[in-house]
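**Student:** missing the sequence, but the structure's below:
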Ligand SMILES: [Cu+2]
């Protein structure tokens, strides 16, 4: 068997088998607004690639490493400069946003594993007016999806991927906000397979950077403060199998040669403007203070990358690389590798390639959330590619898909539409209530881009079979002495800031070798102190055999919030914190370094969320994982059936796909009884995971409201190092 055609659950990227209600959506295949404009690229991998931004530099004496200056600012973005606008494009309008470097699309950072990305973060946003709440225009930086050290402010090796640091606007001390993100060359295979002692190559694929200050993350990301990080060669995942099931080097080379790579960054903005996008021509538009829904014709995809609200001055704009309804072309005899990211703060996309009759065309998925997707074949060590017709991308999701026009796939039309389509859920009638239909993710049916499949000139008799390889095993050693030393440093400095609130940490940072970028310097930031680990007498912070963690997504007096606890083998819940909005000083979950844990994610609200944990990848629990902790259901409990077309039970838990974000099905009842549940396995096995970080809902409005909690991975003896509650 070659490709699999069944839909598979993949976390924040899932595959939607069938829409639950209504006929196929018909898409108008009108021509687009022009060829897709690529986002700027900063490549550390290839010195021949021109640097796409004057804010990006290759680091001297560190071949392969790159440095980017991010000036956080509030400014008006527009289309002046046209396709040479360096990422300014905002769908035709002039819009004031919080952004980096006066552009809507800061550079894509392309590096190989083993190199370093330096970020010089300058907070040039204005000091907020008196009376504004404290986080307004504060900022910091997170590198989503990377398994990298969360070193705190003041670490000798420089600030890492740590979100417990706060850079206020309007300060101008000598130290800059210098982030140093070291991408490991290898990580312990135990991150993916707990009992392995080997190392594996760091996963290639797409990750991203964005601010992470609680309370203002949604507007900052939504305004454009977010960019992609690509690890490895973009075509690494394209491998052709020979007849013997092993990679065929020559055929692989040929496939790569006839495949072009494009980034597709998906964003949306709700705007107040009297001018429709067709006539925008840099007309001013204002980000709508409150959300509104669109009124799209039933069974139709709204053409042209936008829809309008009930009020004609409401425009909901959807862009690809900042461009409204671009033209994407797959030339004859060639393929396109689309590297797609949903960089919206709050909006879900369900991608389909539609013809004018609503027929969804198949494409191949290569990676999901930065890690190879597909079903591993343990006999050959390879992973088969997966052919799908629909792809769910909740906020923060990344996916790489291959659209083939080299004879391997046929299409029902040569002009198609890349559309985002709603997932409609029907609740059956009862004796007392009529049947209702609702839109699960609240996403309208929108045509995002015009896709042109040029006539294939050469149809291949036997299309080469696509293969995805597992990361190769590189060494049988564990952490190097240097890595162990780094881990000790991280832990030591990670525990020196308990209960100190927003006290300024004036510890001098070691000067990271960031090239001087000129311009204003940032402030030196303050450390956000966090509360103690939950500990149990005689047990400490870890789990006993048969126990699992439990995280509850719920409401506390109407505010979105999280709770935490431990569930024993018999199902008895030992609550550690009631459902509470985020407060860094709360007690929190701590896991011992080296642990492999089952987490039960409980959704007690009646709408979906998107679970994200920093510094890790996780997968759905399998039957044997669940057996060990006394769980008799499968890894997904979807009491309303609302996500039955997102999660297919026959695939749940049998597919070794690694995530950093994962959708949670809703509760059957508004009061949280009969909740949705998802069980995952997460392994804290890499020294880079030691330290303090968070888990949260990646619908950023939910995170800002309170659906977030701190956690720590602790090295050493927890009772000795961790404050008792
Ligand atoms: Cu949420």
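**Tutor:** Okay, I see it. All values reported here derive from a predicted model rather than from experimental measurement.
**Student:** what's residue 344 sitting at in phi/psi?
**Tutor:** phi -70, psi 150 (degrees, to the nearest 10).
**Student:** Let me see the contact set for it.
**Tutor:** By CB atoms under 8 Å, 6 or more residues apart in numbering, the contact list for residue 344 reads 222, 266, 267, 268, 395. Where you see a C-beta, it was placed from the backbone N, CA and C, and this is true even at glycine.
**Student:** what secondary structure does residue 350 sit in?
**Tutor:** strand (DSSP: H, G, I helix; E, B strand; the rest coil).
**Student:** per-residue confidence at it?
**Tutor:** We have a pLDDT of 91 for residue 350.
**Student:** Show me the two of the contacts of residue 344 that sit farthest apart.
**Tutor:** 222 and 266 (12.5 Å; CB to CB).
**Student:** count of neighbours near residue 186?
**Tutor:** By other CB atoms under 10 Å, 22 other residues sit near residue 186.
**Student:** if I look at it, how far off is residue 112?
**Tutor:** 12 Å (CB to CB, to the nearest Å).
**Student:** all helices for the chain, in order.
**Tutor:** 217-222, 249-257, 481-494, 623-628, 700-705, 718-721 (DSSP state H).
**Student:** Residues of the chain that sit close to the ion?
**Tutor:** Residues of the chain lying near the ion by CB under 5 Å from the ion: 609, 697, 699, 702.
**Student:** With pLDDT and neighbour count as new columns, can the residues you listed be given to me in a markdown table?
**Tutor:** Shown next, in a markdown table, are the residues of the chain next to the ion (pLDDT from 0 to 100; neighbours: other CB atoms under 10 Å):
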| residue | pLDDT | neighbour count |
| --- | --- | --- |
| 609 | 96 | 26 |
| 697 | 97 | 27 |
| 699 | 95 | 26 |
| 702 | 96 | 22 |
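**Student:** Which one of those is nearest to residue 671?
**Tutor:** Among the residues of the chain next to the ion, and counting by CB to CB, the member closest to residue 671 is residue 609, at 16.9 Å.
**Student:** Show me the beta-bridge partners of that closest one.
**Tutor:** Beta-bridge pairing for residue 609 (DSSP bridges): residue 664.
**Student:** quick one: it and residue 551 touch, right?
**Tutor:** No - counting by CB atoms under 8 Å, residue 609 does not reach residue 551; the two are 10.5 Å apart.
**Student:** of all of the stretch 151-300 of the chain, which residue lies closest to the ion?
**Tutor:** residue 218 (11.2 Å; CB to the ion).
**Student:** That residue: neighbour count?
**Tutor:** Neighbour tally, residue 218, other CB under 10 Å: 19.
**Student:** Likewise for residue 118?
**Tutor:** 23.
**Student:** Repeat that for the one 3 residues further on.
**Tutor:** Residue 121 has 25 neighbours, counted by other CB under 10 Å.
**Student:** Report the contact partners of the residue of the stretch 151-300 of the chain closest to the ion.
**Tutor:** Applying CB under 8 Å, 6+ apart, the residues contacting residue 218 are 345, 346, 700, 701, 703, 704.
**Student:** Next one, pLDDT for the first one please.
**Tutor:** Looking at residue 345, its pLDDT reads 95.
**Student:** my read: it touches residue 703, true?
**Tutor:** No - contact between residue 345 and residue 703 fails when scored by CB under 8 Å: they sit 9.3 Å apart.
**Student:** Give me the common contacts of the two.
**Tutor:** 217, 218.
**Student:** now the residue of the stretch 151-300 of the chain closest to the ion, nearest residue through space, not along the chain?
**Tutor:** residue 700 (3.8 Å; CB to CB, 6 or more residues apart in numbering).
**Student:** show me the contacts for the one you found.
**Tutor:** 217, 218, 221, 222, 345, 346, 395.
**Student:** mind running it again at 6 Å?
**Tutor:** 217, 218, 221, 345, 346 (CB atoms under 6 Å, 6 or more residues apart in numbering).
**Student:** Just give me the neighbour total for residue 304.
**Tutor:** Other residues close to residue 304 by other CB under 10 Å number 20.
**Student:** Would you mind measuring from it to residue 551?
**Tutor:** Taken as CB to CB, the span from residue 304 to residue 551 is 41 Å.
**Student:** Could you do residue 706 as well?
**Tutor:** From residue 706 to residue 551 the distance is 14 Å (CB to CB).
**Student:** One more: residue 196?
**Tutor:** Residue 196 is 27 Å from residue 551, by CB to CB.
**Student:** Comparing these two, which shows the higher neighbour count?
**Tutor:** Remark: of residue 196 and residue 551, residue 551 carries more neighbours, 24 against 16, as counted by other CB under 10 Å.
**Student:** Tell me which residues touch that one, please.
**Tutor:** Per CB under 6 Å, 6+ apart, neighbours of residue 551: 564, 601.
**Student:** Could you list everything it pairs with in the sheet?
**Tutor:** residue 564, residue 601.
**Student:** Run through the bridge partners of the spatially closest residue to residue 177 that is not a sequence neighbour.
**Tutor:** Nearest in space to residue 177, with sequence neighbours left out and distances taken as CB to CB, 6+ apart, is residue 121 at 3.9 Å. Beta-bridge partners for residue 121, by DSSP bridges, are residue 70, residue 177.
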